[in-house]
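# coords please:
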Amino acid sequence: MKVLVSLVSFIALLLVLLPGPLYRFGIAELSTAFMLFRFGLYAGVLALVLLLIQVIFKRKTITLTSALTAVIFSAIAIIVPLSMMTTAQKVPPIHDISTDLDNPPEFVAIAPLRADAANPVAYAGAETAEQQRQAFPELQTLNYPQSQSELIAAAEQAANNLSWDIVNVDGNVGIIEATDTTMWFGFKDDVVIRVTDDGSERLLDIRSKSRVGKSDLGKNADRIRSFIEELDGVLGE
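Numbering: from 1, shown residues only. Got it, this is the predicted structure:
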């Protein structure tokens, strides 16, 4: 029984940890990766049930190390998928976030890189905009006193600090385009930053859009917040 509990809990852990790398390196499709997540959750629950049976009927076969290891592995296998499911329920099923919902910055240099992407380069539309307003009302156009050239330079530095891959910087029109690759699954999400001169101040807008997936689990909104925080740090504000 001890061997069975350890084996099932270890398999559960693998089923949760491996889908990301398997998808990232092209070994498994995204649908397969998510299916493995579900199996990992089920296996984690099964391991805990088996451990409980062992405690009740075969207590003498239990060791503290094996029991603790099984609990830790099973907990990870259960918590990770449940956390993602909980997040998915809290955020709207959208993947295109912009601080300007009426005139979102457009992808230009990045557009060819998204030719085969499941999500088209065009903005998702009014329904997405309304869902964003409800979920992330704080994400709005920012204004700064710096010149356009200073703000573009600072924005490029902030993007580099966040380890984004810069695709295009056009200081003449005030545009920066970049791609951010997520660590676990290797999802590529694209970002465009637009700086507009509005007389006494500069208006900065940022848009972040996933290439795949109906819902981004709030990742694009988090990315915009991280950029704003990093930019303010670069500007010393």
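# list the helices and strands whichever strand or helix holds residue 13 packs on?
Take DSSP states H and E as the rule and residue 13 turns out to sit in helix 2-17. Contacts defined by 3 or more CB pairs under 8 Å, 6 or more residues apart in numbering; DSSP states H and E place helix 2-17 against helix 30-57, helix 64-90. Glycine gets a C-beta too; all of them are placed from N, C-alpha and C.
# mind putting these in JSON lines, distance to residue 144 included?
Formatted as JSON lines, the helices and strands packed on helix 2-17 follow (distance: least, CB to CB, whole Å):
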{"stretch": "helix 30-57", "distance to residue 144": "38"}
{"stretch": "helix 64-90", "distance to residue 144": "31"}
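# in a markdown table, list the ones you listed along with mean neighbour count.
Compiled in a markdown table, those are given as follows (neighbours: other CB atoms under 10 Å):
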| stretch | mean neighbour count |
| --- | --- |
| helix 30-57 | 17 |
| helix 64-90 | 16 |
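# returning to that earlier point: list the buried residues in the helix holding residue 13.
The neighbour-count check on helix 2-17 (16 or more other CB atoms under 10 Å) flags 2, 5-6, 8-13, 15-17 as buried.
# circling back to that earlier point, export the helices and strands packed on helix 2-17 as TSV, with columns for mean pLDDT.
Formatted as TSV, the helices and strands packed on helix 2-17 follow (pLDDT from 0 to 100):
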stretch	mean pLDDT
helix 30-57	93
helix 64-90	93
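# enumerate every residue touching the spatially most central residue of the chain.
The centroid of the chain falls nearest to residue 219 when counting by CA atoms, centre = their mean (3.6 Å). Counting by CB atoms under 8 Å, 6 or more residues apart in numbering, residue 219 makes contact with 182, 187, 189, 210.
# the residue nearest to residue 37 when sequence neighbours are not counted: what's it in contact with?
Computed as CB to CB, 6 or more residues apart in numbering, the closest residue to residue 37 that is not its neighbour in sequence is residue 81, at 4.8 Å. Residue 81 makes contacts with 16, 37-38, 40-41, as judged by CB under 8 Å, 6+ apart.
# out of those, what pair is the most spread apart?
Maximum pairwise distance among the contacts of residue 81 (CB to CB): 9.9 Å, between 16 and 38.
# could you flag which of the contacts of residue 219 are buried?
Looks like the contacts of residue 219 have 187, 189, 210 buried, using 16+ other CB under 10 Å.
# can you list these in TSV and add secondary structure?
TSV is the format used below for these (DSSP: H, G, I helix; E, B strand; the rest coil):
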residue	secondary structure
187	coil
189	strand
210	strand
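# ok, the residues you listed vs residue 132, which is closest?
Of the buried ones among the contacts of residue 219, the one sitting nearest to residue 132 (CB to CB) turns out to be residue 210, at 13.6 Å.
# how about the contacts made by the residue nearest to that closest one when sequence neighbours are not counted?
By the measure of CB to CB, 6+ apart, the closest residue to residue 210 outside its immediate chain neighbours is residue 95, 3.9 Å from it. Residues near residue 95 by CB under 8 Å, 6+ apart: 119, 124, 209-210, 213-216, 220.
# since that was my last question, I'll sign off now.
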